[in-house]
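In: After the sequence you'll find the predicted model.
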Amino acid sequence: MMSQKANLTRRTAMKGLGVSLALPWFESLQPARALAAAATTASPPVRMAFLFVPNGVNVDEWTPERVGYGFDLKSVLEPLATVQDDLLVLTGLTHDKGRANGDGPGDHARSASVFLTGAQPRKTSGAEIRSGISVDQLAAQQIGRATKFPSIELGCEQGRGAGNCDSGYSCAYSSNISWTSETTPVGKEVNPRLAFERLFAAGTSQQMDQSQQRRRALQKSILDFVAEDARQLQNKLGHRDQRKLDEYLTGVREVELRIDRFSQHRESGSRFGLDVPEEIPEKYAEHLKLMCDIMVLAFQTDTTRVATFMMANAGSNRSYREIDVPDGHHDLSHHGGNAEKLDKIRRINRFHTMQLAYLLEKLKSIPEGDGTLLDHSMILYGSGLGDGNRHNHDNLPILLAGRGGGTIDPGRHVVYDQDTPLCNLFLSMLDRAGAPAEYIGDSTGRLAGLKL
Amino acid sequence: MRRRRLFSLMLITALVAPPLLCADEAEHAPASTPYLTQLRPFLVQHCVDCHGGDEPVGGFTFDRYEDSAHIQTDFEFWEKVYRVLHEGSMPPADVPQPSEATMLSALAAIQQELAAYDCGVDPHPGRVTLRRLNRTEYNNTIRDLIGIEFRPADDFPSDDVGEGFDNIGDVLSLPPILFEKYLAAAETVVEKAHAEGRPPLAQVKADTPEEGIAIYSRNLREFMARAFRRPVTDEELQRVLAIAELAFEEGVAEDDHLKIPMHAVLVSPHFLFRVERDPDPDDEDGVRALDDYELASRLSYFLWSSMPDQELFDLAAAGKLKDPETLKAQAARMLADPRSRALIDNFAGQWLQLRDLAHLQPDADLFPGFDDDLRAAMRRETELLFECVIHEDRSVLDLLSADFTYVNSRLANHYGVTGVTGDEFQRVDLPSQRRGLLTHASILLLTSNPTRTSPVKRGKWILENILGEPPPPPPPGVPELEESGQLLGSLRERMEEHRRNESCAVCHRRMDALGFGLENFDAIGAWREQDGRFSIDPSGTLPGGVNFRSPNELVQILVEQKQAEFVRCLTRKLLVYALGRGLSSQDRCSLDTIEEQLAAGGFRFHALIDAIVTSDPFVLRESQKGR
């Protein structure tokens, strides 16, 4: 009780600090950032995003013939022509832990759960789901404290609401790519309005009237209370139950940190030309575009530096009517070499890379420091399957866009030895983001060839 | 006592231990078990060539039975072995077949091994991992706790599905973003309740401050008890009161010190999680009976997807809910309550995958008559049949065989049923071509591709959801059979061409026969005699040689000959849903008991519910073994 009161004085001091706009990173130096001694250099921070597409690609229409600078753009990569110089096409990377390795079928579920973790998911449809910590979350745990949100997780499709997702794997594996611990998938926001409101604007229900300012100050006492509840409860429960309460306590801690550091700090999206979006748009392209806008804005305002985006869930059978492909994507991906189906797959793949082009062009249009926002980013794009028909986990279609703050020399097609772990790329990315790790998943070292 | 049990278990393991493929080592054990004398020679001769080694066909291997037959612990595997042998789908037709006598003796051996398990010896009710409320449960609980119709959880991230359902404790994780949403939702709920003039904690009118505090404390305790679904301790009450005091000292507005404690209660783990205390460590059996309040929550979240009502709380307070007869009476009362609609939305919606209907997009050029009204009517029809089985306490077999259904004018037109007008649903006799839910447009649509029917999907759906025998997925690198359509001819001719490939045919014989039996229904479930220029041939032969000539006959065969499989499948699914966990081999005794009681009750739906709510896994809790 005493400590609650003592805390309160500090909290009270926060009252009356009104609303302030979010400022681009260079216009506002937040106290928290100043504390992070390592980040006192003048150069902008490095941002990372990871974009996932399901069901593999039409490999023949993806992989360039030529290696190095000036590589050729096949049909699927053609929409990226305007940003070709900002792009690395990385061929030959593999997720060995996406393979069955004795676990039998379920390549689609594995392709998503392994995508950013490099870990063999435990085959279970319910009890004790387990994967590994994903690369974005490893980064968030190290560099996330400097921003209001350690990371954001976006998607376009909710997890499937019924049935089996893939051959004895829980749907948790196929609808998540971010894992904050080996047992906790992060969950993603698919509604643009909700994603936007969380990051940038308080919704109508949360208008900051005076009484709410006070409540914000009291929120910490509530958090103290529920955290104590959870800790007391933990002592009485078994191991698996305790893990659930760990998740709960992590949530409490995240919010506490945010109140400590950022409660005086609110952002407005409209300042950057983005108003509160509507709910999920009818058109898929529009939906993807909105989510990309939100990601760009989050990077631009330094609201977060780490993002993941599942453009669709693993094994998605979405119909692509907007481009006159009414068939289901997953059905089509089992093309069996059929030319008509392969062409439809090519068109779907191209539809996705067009959205990627939109994202990259937008990042590139925003000046930052002595370059652009894209220059200070690393945007990874790819699928956890190579060819949807073969369900292979080697030779994955992987792109890396941006210059990572001058640590990457893009504009090239790089071919790696057979079975080079994709996780090696993750290690190299973590280095560049200032969040180095010893290993991730099945990594064997850093990936060469990103910088000449 | 316990020690002896363990010893006898070890003995059983030793008896069935000889490795399958290393005959030399078998000498240690007495060669007297049915496994050794009859089953093992059979497996070696007829099975392990394909189902062993590095690349076992269908991923189905006997190699893992190196150390013992594990017939007891892997009973599901062996039940499946029994089924495929029994129905004649194994060994495949292109390999030498066992004699009938050999086959019968192998089957008998499996039966004997399975029957050897003594359910009375070692009860294992299992344990459910601490479950947070899922989105539906959160919405319903807020509705029943606060009394406002408001769905804040619709904005939460979707709940992941495991075991086919979104209420599985192990799969319901709580990422940081969800905690944020809980905080915001609690705030919004409390604001909304006040705005609508129905605050759960009202301003207290009292003559003295002491009296005021006393009344306020009493109100708060009552609210907390309902929110936590159990009585609260004095310490818990004091801690929430302290928050109210703090709010007061902060000088918050008039009724804010009423809101803050509610806000705290609504984000407490005791509200968000369904807490069940573990058995005491010194309890030798590691099993305890759930207390009355825990039972009340189990009942209410099973049948209503919401918190217990006052009657359940009263019975719990009186200590009466443990009585099996009371449990059954309460279940009956709850099924009659409108809140049991949740069982249809959430159980039937997920078991039959009706929830998927919302996302399906039949090709608009091929099916111009399809729109959202028809989609909604399809879903409603199946829900109403399920509702009818619940409310009229009919046999669960009626789900498969009902000769009546519910349609509005839109769906009636789709079915060619005359005399139905308006949007209201009414009960009608089905035309002779349709029987039960397998011929509902909802099921037929959700097992089709956007452009055409998929006999494979239909067959697979029936195997998974009606017969409980999901086929293995195709091996990697093999295109889905019907997808590489270079061949000419009707869909059936093209597929039968492919079924000549024996490695595919093993599974497809079963799937396709079922699916082709429903080919008279197009991709949105309308009746047809022609597919393009080809006539539909709805006849077929199920594995085991049973012939049918029409969808109706197929349904009839399923009802008559696959009754046991259907009942077991439904029982398993409903038990998973009721418990919020997957089943393990240790649940088989409970499953057997439930099925016996269901059969004794004439397969009535209430008999199934009664059997589940009084079963060991539902009323007991086991401590966690090891890690």
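Out: Ah, there it is.
In: how about the strands in chain B?
Out: Secondary structure of chain B (DSSP state E): strands at B:131-132, B:273-274, B:287-289, B:404-407, B:426-429, B:530-531, B:534-535, B:540-542, B:546-548, B:620-622.
In: Quick check: closest non-adjacent residue to residue A:441.
Out: residue A:118 (1.7 Å; Cβ to Cβ, 6 or more residues apart in numbering or on different chains). Every residue, glycine included, has its C-beta placed from N, CA and C.
In: The one you found: how many residues sit nearby?
Out: Per other Cβ atoms under 10 Å in any protein chain shown, the neighbour tally for residue A:118 reads 26.
In: my guess is it contacts residue A:133, does it?
Out: No - using Cβ atoms under 8 Å, residue A:118 makes no contact with residue A:133, being 9.8 Å away.
In: list residues touching both of those two?
Out: residue A:440 (Cβ atoms under 8 Å, 6 or more residues apart in numbering or on different chains).
In: circling back: and the residue nearest to residue A:441, what's its pLDDT?
Out: At residue A:118, the pLDDT value in this model is 95.
In: Contact partners for it?
Out: Neighbouring residues of residue A:118 by Cβ under 8 Å, 6+ apart: A:95, A:97, A:132, A:135, A:421, A:422, A:423, A:426, A:440, A:441, A:442, A:443.
In: cutoff 10 Å now
Out: A:95-98, A:131-135, A:421-424, A:426-427, A:439-443 (Cβ atoms under 10 Å, 6 or more residues apart in numbering or on different chains).
In: about what we covered before: out of the strands of chain B, which is the most enclosed?
Out: Burial of the strands of chain B is given as mean neighbour count (mean count of other Cβ atoms under 10 Å in any protein chain shown); strand B:131-132 ranks first at a mean of 24.
In: Who does that strand pair with, and is each partner parallel or antiparallel?
Out: As defined by DSSP bridges, the strand partners of strand B:131-132 come to strand B:273-274 (antiparallel).
In: Tell me where the model's unsure across the stretch 451-600 of chain B.
Out: Scanning the stretch 451-600 of chain B for pLDDT under 70 picks out the ranges B:472-489, B:494-495, B:497-503, B:506.
In: Could I get the full set of helices for it?
Out: Taking DSSP state H, counting those that start in this stretch, the helices of the stretch 451-600 of chain B run over residues B:455-465, B:491-498, B:502-516, B:551-561, B:563-579, B:588-600.
In: Show me what counts as buried in the fifth one.
Out: Counting neighbours by 16 or more other Cβ atoms under 10 Å in any protein chain shown, one finds that the buried residues in helix B:563-579 are B:565-579.
In: ok, now the third one?
Out: When neighbours are counted by 16+ other Cβ under 10 Å, the buried residues of helix B:502-516 are found to be B:504-516.
In: need those residues in a markdown table with distance to chain A, can you?
Out: Below are these laid out as a markdown table (distance: Cβ to the nearest Cβ, whole Å):
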| residue | distance to chain A |
| --- | --- |
| B:504 | 12 |
| B:505 | 17 |
| B:506 | 15 |
| B:507 | 12 |
| B:508 | 14 |
| B:509 | 19 |
| B:510 | 17 |
| B:511 | 15 |
| B:512 | 17 |
| B:513 | 22 |
| B:514 | 18 |
| B:515 | 15 |
| B:516 | 19 |
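In: what's the farthest-apart pair in the residues you listed?
Out: B:506 and B:516 (16.9 Å; Cβ to Cβ).
In: where's the most centrally placed residue in chain A, which helix or strand?
Out: Centroid-nearest residue in chain A, with Cα atoms, centre = their mean: residue A:308, separated by 0.8 Å. Here residue A:308 sits within strand A:306-310, counting by DSSP states H and E.
In: That strand and chain B, any residue contact?
Out: No - Strand A:306-310 lies out of reach of chain B by Cβ under 10 Å from any Cβ of the partner chain, never closer than 12.0 Å.
In: Report the strands that pair with that strand, each with its relative direction.
Out: Sheet pairing for strand A:306-310, using DSSP bridges, gives strand A:47-52 (parallel), strand A:152-155 (parallel).
In: what's the next secondary structure element after the last one?
Out: Per DSSP H and E, the first helix or strand lying C-terminal to strand A:152-155 is helix A:171-174.
In: name the helices or strands packed onto that next one?
Out: On a contact count with 3 or more Cβ pairs under 10 Å, 6 or more residues apart in numbering or on different chains; DSSP states H and E, helix A:171-174 meets helix A:107-113, strand A:184-185.
In: then that helix to CSV, C-alphas only?
Out: Taking C-alpha atoms only, helix A:171-174 is exported to CSV below (Å, rounded to 0.1, in the frame of the first residue of the first chain):
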residue,chain,number,x,y,z
CYS,A,171,-4.0,-23.7,-36.2
ALA,A,172,-1.7,-21.6,-34.0
TYR,A,173,1.1,-22.8,-36.2
SER,A,174,-0.4,-21.8,-39.5
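In: quick one: low-confidence ranges for the stretch 351-452 of chain A?
Out: For the stretch 351-452 of chain A (pLDDT under 70), the answer is none.
In: Quick check: residues of it near chain B?
Out: A:385, A:387, A:389, A:390, A:391, A:392, A:393.
In: ok, the last one touching residue A:382?
Out: I take that to be residue A:393. No - using Cβ atoms under 10 Å, residue A:393 is not in contact with residue A:382; the gap is 11.8 Å.
In: what do these two both touch?
Out: If you check residue A:393 and residue A:382 against Cβ under 10 Å, 6+ apart, the residues they both contact are A:56, A:422.
In: Neighbour count for those two, which is higher?
Out: residue A:393 (25 against 22).
In: roughly how far apart are the nearest residue to the more buried one once chain neighbours are set aside and residue A:386?
Out: Once flanking residues are discounted, residue A:393 sits nearest to residue A:98: 3.6 Å by Cβ to Cβ, 6+ apart. Residue A:98 is 10 Å from residue A:386, where distance means Cβ to Cβ, to the nearest Å.
In: ditto for residue B:80
Out: Distance from residue B:80 to residue A:386, by Cβ to Cβ: 33 Å.
In: Of these two, which one has the most company?
Out: The neighbour comparison of residue B:80 against residue A:386 (other Cβ under 10 Å) goes to residue A:386, with 25 against 15.
In: residues in contact with that one?
Out: Residue A:386 makes contact with A:56-57, A:59, A:62-63, A:93-95, A:98, A:111, A:392-397, according to Cβ under 10 Å, 6+ apart.
In: taking those one by one, which sit in helices?
Out: residue A:111 (DSSP state H).
In: ChimeraX command for the buried members of the contacts of residue A:386?
Out: One line in ChimeraX is enough to select the buried ones among the contacts of residue A:386; burial here means 16+ other Cβ under 10 Å:
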select /A:56,57,59,62,63,93,94,95,98,111,392,393,394,395,396,397
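In: Tell me the one of the contacts of residue A:386 nearest chain B?
Out: residue A:392 (7.6 Å; Cβ to the nearest Cβ).
In: about what we covered before: how about the strands of chain B in TSV, adding distance to residue B:389?
Out: Shown next, in TSV, are the strands of chain B (distance: least, Cβ to Cβ, whole Å):
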stretch	distance to residue B:389
strand B:131-132	27
strand B:273-274	27
strand B:287-289	31
strand B:404-407	12
strand B:426-429	13
strand B:530-531	33
strand B:534-535	36
strand B:540-542	26
strand B:546-548	25
strand B:620-622	28
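In: and of these, who's closest to residue A:377?
Out: strand B:131-132 (35.3 Å).
In: Does residue A:418 lie in a helix or a strand, and which?
Out: Residue A:418 belongs to strand A:412-421, assigned by DSSP H and E.
In: So which bits of whatever helix or strand comes next after that strand are buried?
Out: Next in sequence after strand A:412-421, counting helices and strands by DSSP H and E, comes helix A:422-432. Neighbour-count burial for helix A:422-432 flags A:422, A:423, A:424, A:425, A:426, A:427, A:428, A:429, A:430, A:432 (criterion: 16+ other Cβ under 10 Å).
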